[in-house]
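*Asks:* Can you look at this prediction? I've put the sequence above it.
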Amino acid sequence: MPNSLRLAALPALLVLLQAGLTGCGTIQEDRRAEALLAAANTHHEAVRWGYWEAVVELMHADARKDLDLTALKNVRVTGYEVVGPSEITPEGKSLRLARIDYVLQDEQRLKQVLDRQDWRWDDTRKVWLLHSGLPAF
């Protein structure tokens with residue numbers, strides 16, 4: 001290929017290379033969004049059915065300190081609804097708000113709590129971890 005053709009093809013090659021690199025960023029963002037959705041759905045189901053050990057597994061180590069799961073034996077969740085959309089920040093954080101209906105079995109009264117969930121991306125483990133802890137039942 002003559003040098004003049006190589007030079008003419010260079011801008012097109014640079015545009016394609018830049019588009020490919022931009023696409024990689026989008027793919028990573030999509031993967032993070034899918035991973036957040038999977039973690040949040042797992043959290044939702046675990047809370048909804050009272051699988052508290054599974055909820056703890058989704059939590060950051062700092063949020064696990066001083067947990068007493070025995071009090072949660074008295075909690076029966078009857079409803080769980082995510083309120084509003086959640087966005088992922090460039091820093092790898094996402095805030096979600098969930099409305100949780102529950103019954104304390106010893107009182108047999110329906111109660112409700114708004115659970116503000118602070119999810120953060122762990123870049124070393126490549127997972128989302130819950131930093132806000134358990135809902136305040």
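*Replies:* Happy to help now that I have it.

*Asks:* how about the strands of the protein, start to end?
*Replies:* All strands of the chain, identified by DSSP state E, fall at 75-82, 93-104, 109-122, 127-130.

*Asks:* And these: which comes nearest Phe137?
*Replies:* strand 75-82 (5.0 Å; Cβ to Cβ). Yep, even glycine has a C-beta here, placed from its N, CA and C like the rest.

*Asks:* what sits up against that closest one?
*Replies:* The contact list for strand 75-82 (Cβ atoms under 8 Å, 6 or more residues apart in numbering) reads 40, 44, 47-50, 96-105, 110, 137.

*Asks:* could you dump the strands of the chain to TSV with mean pLDDT?
*Replies:* Listed next are these as TSV, based on pLDDT from 0 to 100:
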stretch	mean pLDDT
strand 75-82	96
strand 93-104	97
strand 109-122	97
strand 127-130	98
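
*Asks:* need those strands in CSV with distance to Val55 and mean neighbour count, can you?
*Replies:* Below are these laid out as CSV (distance: least, Cβ to Cβ, whole Å; neighbours: other Cβ atoms under 10 Å):
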stretch, distance to Val55, mean neighbour count
strand 75-82, 11, 14
strand 93-104, 12, 17
strand 109-122, 11, 14
strand 127-130, 8, 20
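
*Asks:* Of those strands, which is nearest Arg32?
*Replies:* strand 109-122 (6.2 Å).

*Asks:* The closest one pairs with which strands?
*Replies:* Sheet pairing of strand 109-122 (DSSP bridges) gives strand 93-104 (antiparallel), strand 127-130 (antiparallel).
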